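Undergrad: Return a 3D structure for these sequence lines:
(2 chains)
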Amino acid sequence: MDRQDILSVLVGVVIVLVVALVVKPALSGGPGDDSTPGALPTPAPVVTTPALTPDPAGKEIIREFRWTAIDGGVQTATLEIPSSLFDRERKTPRMADHSAWGRYALSEDERPYLEALARQIASPRFNTPDEDYWRVMDVLFFVQQLPYSSDDAPASYTGGAVPAQAIHTPGGVEYPKYPVETLVDGEGDCEDSSILAASLLTFMGYDTVLLGYSDHMAVGVQMTGNGPYYADYTPRSYDFGGKRYYYVETTNYLPLPRTNPGNIDRWGKPFPVGDVTHGSISSVRSETPTIIPLRYIVRPTHYTVRPVDPLPGGEGLW
Amino acid sequence: MNLKMPDQEELVRKIGDLKAKLTHLQVSDLKTFRPKVPTLKKPTMTPKLRKALTACGVVVAVLVVAVVGWTVFQVLMQHHEVRVLGDAIASSETDLAALDRDVSALIGSVGKAPSLRESDAYMTEFRGLADRGVATTARHMQAIEGTAVPETHLGVRDAYLQALGHLNRAYTLWSASAEAYDLRQYSEAEKRIGEADREWQAYESAVDMYNLEIVLSQQKKEESLFTPGTSPAP
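TA: You can find the predicted model right below:
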C-alpha cells in the first residue's frame, strides 16, 4: 500500500466521520432520554410551520410537512387541497354540541385528500407483526407533533384572525376545526388534533371514536388484544357498543431540550396507544370519558308495532 | 129428622124394589133423564166496557211489541257498535302495519358504518316516517274516540286508545329526536330516542291490557245476556 492509498483511505474515513457526526445530527437531532416504554426516541424537528402556498391560478393550497417518524428519521408529506374547500370549511357554522363533532372527521369532500396524506404518513407495512398498531403510531407521531394552539389565539389561524364562525362562550372561544383546517393552519388544540387523527385513522379503515373529557379530547381506536410486551403501563381502553377502544393521545408530544449545546432543535417522545399514566392531563387519568362516535344516526331500540287481537262480535247481523 | 136405622125387613124390601127397577131399565129411559141443572145466563157487556177492554189489549200488545222491539234494537245496536269499533281498530292496525313495514325496512337498510350523506338521508326518511306515525295515530285516536261503544266494550276502546296514545307520543319523540339530529344536537337526539323507547314499552304493555280487555268484554257480554237493557255508552 503506497502513500496515495493511505491518503484515500483517510479521506474516506474523514468523510464518513463528517457525515456521521455533523450532517446526520444536524438533520435528525441527537439521542436523548427514552425512559417512556413504548415510546421511541425521536431526534427530529417538530412539524415545520407550513406556509400558505397557493398555486399560480390561486386555486390550490399546498402544505409541506416535516416531522420525526417512528424510526427516528425525518419524514415529509405534502398536502394539496383546493382553496375553495378550505374556504368552504372555514365558513361552515360550528357545532356547539360535542357529541356531534364526529361529523368534522367524516367530511366526504376532504376524504380523497386525507386518504392521500394518510398514504404518505402511514404506508402499509407488509409482513410486519402488529401492523395495525404501528400504522396507528405512524399517525400519532405526525399528529402529536403539530404545534398546540388555543382556539382564542388569532395566530392559530391562517389569516391571523379568529374565524367568524367561532362560538363564543363564557369560558372563551370554541372553534373545532375540520381536518383540512388544522392541516392548513398547521396547528390546533386537542379537539382539532383529535378530529384530524380520527379522520385519518377512519379513512385508513380503523374504527375510531372521540373521547370527551371535562377539559380535554382524545381518540379511541378499536383494536383487539393491544398489550405491548414492553409497556410498563396497562393500556387504557373503554368498551362501547360491544367494542373495545384504546385511548390515543393526539397532543402532548413531549419536547425535550437537546443535550447538544447550541442546538435549538427538540426531540421528544410521543404517547403510545393506551398510555394514560405518563401524561400531564389529570382528567385523562381520573375521568371516564364520554364516548363520541363519529357516525351517529337515531336508531330506536323498540320500533316494532305489535298486532292486537281481533275484536270478536259484530259479525253478520247488521 | 128421623135418623133411626130402618129395620132389616124394610131394607130387604127396598133393595128388592130397586133391583126390579134396574132390571127393567132401557136406553130410552136414559134419554129422557134430565138432571135438574140451573140455566146459566150469558153476561151482558156494555159497549163502554168492550172499548175499555179492547184499549187495554191494544196497550198491552203495543207494550209487548215495544219491549221486544227495543230489546232487539238494543242487541242489534250493540252488535253494530262493536262492529264499528272492530272496523276502526282493524283500519288502525292496517295503517300501523304498513308504517311498521316501512320503519323496519329503513332501519334494516342502514349499514354499520354509514357515510354522512347516507346518515343524513336515513335521518330525513326517519323523520318522515315519524311524522307519518304521529299523523296516523292521531287520526285513528280521533276516529275511535268518536265511536259509541256498548258498556261491555268501554274497557276495550279505552285500552286501545291508551296504546295509540303511547304510540303517538313515541312517534312524536322520534320526530323530536330527528329534529335534534338536524340541529346537530346529538345528545338531545339520544335523550329523546331514549324517552321514545320507554313510551314504546308502555305501548306494548297497553296492547297486553287491550287483549285482556277483549277477554273481559266477552265475559261481560255473556253476563249481560241475562240482564238485558244495558244502554250504549256515549
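Undergrad: What is the least confident helix or strand in the chain?
TA: You didn't pick a chain, so chain A it is. Least confident helix or strand of chain A, by mean pLDDT, DSSP states H and E, is strand A:42-43 with a mean of 40.
Undergrad: oops, chain B please
TA: Within chain B, no helix or strand scores below helix B:27-31, which has a mean of 68 by mean pLDDT, DSSP H and E.
Undergrad: In the chain, which helix is the longest?
TA: No chain in the question, so chain A it is. Counting residues, the longest helix found in chain A (DSSP state H) is helix A:3-18.
Undergrad: you looked at the wrong chain, it should be chain B
TA: Ranking each helix of chain B by length (DSSP H) puts helix B:47-109 first.
Undergrad: Show me what the helix or strand that it is followed by is packed up against.
TA: Per DSSP states H and E, the first helix or strand lying C-terminal to helix B:47-109 is helix B:116-145. For helix B:116-145, the packing partners by 3 or more C-beta pairs under 8 Å, 6 or more residues apart in numbering or on different chains; DSSP states H and E come out as helix B:47-109, helix B:154-182. (C-beta placed from N, C-alpha, C; glycine too.)
Undergrad: Point out the most buried one among those.
TA: Compared across those, helix B:154-182 shows the largest average neighbour count, a mean of 22 (mean count of other C-beta atoms under 10 Å in any protein chain shown).
Undergrad: how about that one, does it reach chain A?
TA: Yes. Judged by C-beta under 8 Å from any C-beta of the partner chain, helix B:154-182 comes into contact with chain A at B:156, B:160, B:163, B:167, B:170, B:174, B:177, B:178, B:181.
Undergrad: now do stretch B:206-224
TA: Yes. Stretch B:206-224 reaches chain A (C-beta under 8 Å from any C-beta) through B:207, B:210, B:211, B:214, B:218, B:221.
Undergrad: what does that stretch contact?
TA: A:306, A:308-309, A:311-313, B:151-153, B:155-156, B:158-160, B:162-163, B:165-166, B:230 (C-beta atoms under 8 Å, 6 or more residues apart in numbering or on different chains).
Undergrad: Pull out the buried residues from that stretch.
TA: B:206, B:207, B:209, B:210, B:213, B:214, B:217, B:220, B:221, B:224 (16 or more other C-beta atoms under 10 Å in any protein chain shown).
Undergrad: among those residues, which one has the lowest pLDDT?
TA: Among the buried residues of stretch B:206-224, residue B:224 carries the weakest pLDDT, at 66.
Undergrad: So residue A:250, which state does it fall into?
TA: Secondary structure assignment for residue A:250 (DSSP: H, G, I helix; E, B strand; the rest coil): coil.
Undergrad: same thing with residue A:220?
TA: strand.
Undergrad: can you tell me which residues contact it?
TA: So, once contact is read as C-beta under 8 Å, 6+ apart, residue A:220 ends up touching A:208-211, A:237-238, A:240, A:245-248, A:289, A:291.
Undergrad: For it, give its distance to chain B.
TA: 15 Å (C-beta to the nearest C-beta, to the nearest Å).
Undergrad: What of residue A:181?
TA: In terms of C-beta to the nearest C-beta, residue A:181 sits 17 Å off from chain B.
Undergrad: Residue A:61 belongs to a strand?
TA: Yes. Counting by three-state DSSP, residue A:61 falls inside a strand.
Undergrad: who's in contact with stretch A:154-162?
TA: A:52, A:149-153, A:163, A:173, A:175, A:184-189.
Undergrad: closest to chain B among these?
TA: Here the nearest of the contacts of stretch A:154-162 to chain B, counting by C-beta to the nearest C-beta, is residue A:175; it sits at 15.1 Å.
Undergrad: isn't that closest one right up against residue A:163?
TA: Yes. Assessed by C-beta atoms under 8 Å, residue A:175 is found in contact with residue A:163 at 6.1 Å.
Undergrad: that older thread, so which of the residues of helix B:154-182 next to chain A sits lowest on pLDDT?
TA: residue B:156 (92).
Undergrad: That residue touches residue A:311, doesn't it?
TA: Yes. Contact between residue B:156 and residue A:311 holds when scored by C-beta under 8 Å: they sit 6.6 Å apart.
Undergrad: which residues are in contact with both of those two?
TA: Joint contacts of residue B:156 and residue A:311 (C-beta under 8 Å, 6+ apart) are B:85, B:214.
Undergrad: Just the buried subset of the contacts of stretch A:154-162, please.
TA: Here, 16+ other C-beta under 10 Å leaves A:149, A:151, A:163, A:173, A:175, A:184, A:185, A:186, A:187, A:188, A:189 buried among the contacts of stretch A:154-162.
Undergrad: which ones are touching the last one?
TA: Taking C-beta under 8 Å, 6+ apart, we find residue A:189 in contact with A:148, A:149, A:150, A:151, A:156, A:251.
Undergrad: Residue of chain B nearest chain A, please.
TA: Counting by C-beta to the nearest C-beta, chain B gets nearest to chain A through residue B:83 (2.9 Å).
Undergrad: Test my guess that that residue contacts residue A:313.
TA: Yes. Between residue B:83 and residue A:313 there is a contact at 7.5 Å, judged by C-beta under 8 Å.
Undergrad: For the closest residue to residue B:119 other than its chain neighbours, give me the backbone phi and psi.
TA: Counting by C-beta to C-beta, 6 or more residues apart in numbering or on different chains, residue B:119 lies nearest to residue A:297, which is 4.9 Å off, once chain neighbours are set aside. The phi/psi pair for residue A:297 (degrees, to the nearest 10) reads phi -140, psi 160.
Undergrad: coming back round to it: ok, which of the helices and strands packed on helix B:116-145 comes nearest residue A:199?
TA: Taking C-beta to C-beta, helix B:154-182 is the member of those nearest to residue A:199, at 20.7 Å.
Undergrad: show me where pLDDT drops low in chain A?
TA: A:1, A:19-58, A:225-231, A:252-269, A:314-318 (pLDDT under 70).
Undergrad: Residues of it that sit close to chain B?
TA: Residues of chain A lying near chain B (C-beta under 8 Å from any C-beta): A:95, A:97, A:99-100, A:103, A:106-108, A:207, A:295-315, A:317-318.
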